[in-house]
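J.: Next comes the sequence, and after it the predicted model I'd like to discuss.
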Amino acid sequence: MKRFLAIFTGNSAAMRNWMAEDEEARKRKTQQGMRAWNAWVEQHRNAIVEMGAPVGKTKRIGPDGVSDITNNIGAYNVVQAESYDAAAAMFVNHPHFTLFPGDAVEIMECLPIPQAN
């Protein structure tokens with residue numbers, strides 16, 4: 001089995017639209033979305049290696065120092081699957097973008113760390 005990092009992305013326009021809805025509508029959608037998300041977790045329980053979590057603000061550290069930046073990453077988890085296609089199939093119609101204001105899930109294989117000679 002291969003491991004894949006799944007990155008849940010969003011954008012500010014979708015979040016603005018979500019926040020523009022009245023609080024009661026957002027509460028209903030959140031409850032519906034969490035039921036669907038929990039059902040997704042149950043369906044893929046055996047493939048989930050790390051549940052992950054939502055993520056906060058981002059700091060970038062590079063040769064020029066530390067800076068505050070923004071990106072579209074909203075959460076992550078790690079799953080296992082036989083192939084990219086199998087991993088991708090787990091996220092088709094995911095509640096992150098069908099019920100919540102997320103816009104996509106990006107997956108990438110977690111490769112082995114190269115060994116020093």
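T.: Alright, I've got the coordinates.
J.: could you pull out the strands for this protein?
T.: Counting by DSSP state E, the chain has these strands, from start to end: 2-10, 48-54, 58-62, 65-69, 73-81, 102-109.
J.: If you rank every helix and strand of this structure by mean pLDDT, what lands last?
T.: The helix or strand of the chain with the lowest confidence, counting by mean pLDDT, DSSP states H and E, is helix 12-20 at a mean of 89.
J.: Report the buried residues of that one.
T.: Applying a neighbour-count criterion of 16 or more other C-beta atoms under 10 Å, one finds Ala14, Trp18 buried in helix 12-20. (C-beta placed from N, C-alpha, C; glycine too.)
J.: quick check: angle from that helix to strand 2-10?
T.: 60 degrees (axes from the mean of the first three to the mean of the last three C-alpha atoms, to 10 degrees).
J.: what angle separates the longest helix along the chain from strand 102-109?
T.: As assigned by DSSP state H, the longest helix anywhere in the chain is helix 23-43. If you take the same axes, to 10 degrees, helix 23-43 sits at 20 degrees to strand 102-109.
J.: Next, the buried residues of helix 23-43.
T.: In helix 23-43, counting by 16+ other C-beta under 10 Å, buried: Gly33, Ala36, Trp40.
J.: Phi, psi for the nearest residue to the first one once chain neighbours are set aside please.
T.: Closest residue in space to Gly33, ignoring its immediate chain neighbours: Leu99 at 3.8 Å, by C-beta to C-beta, 6 or more residues apart in numbering. The main-chain torsion angles of Leu99 are listed as degrees, to the nearest 10 and equal phi -120, psi -30.
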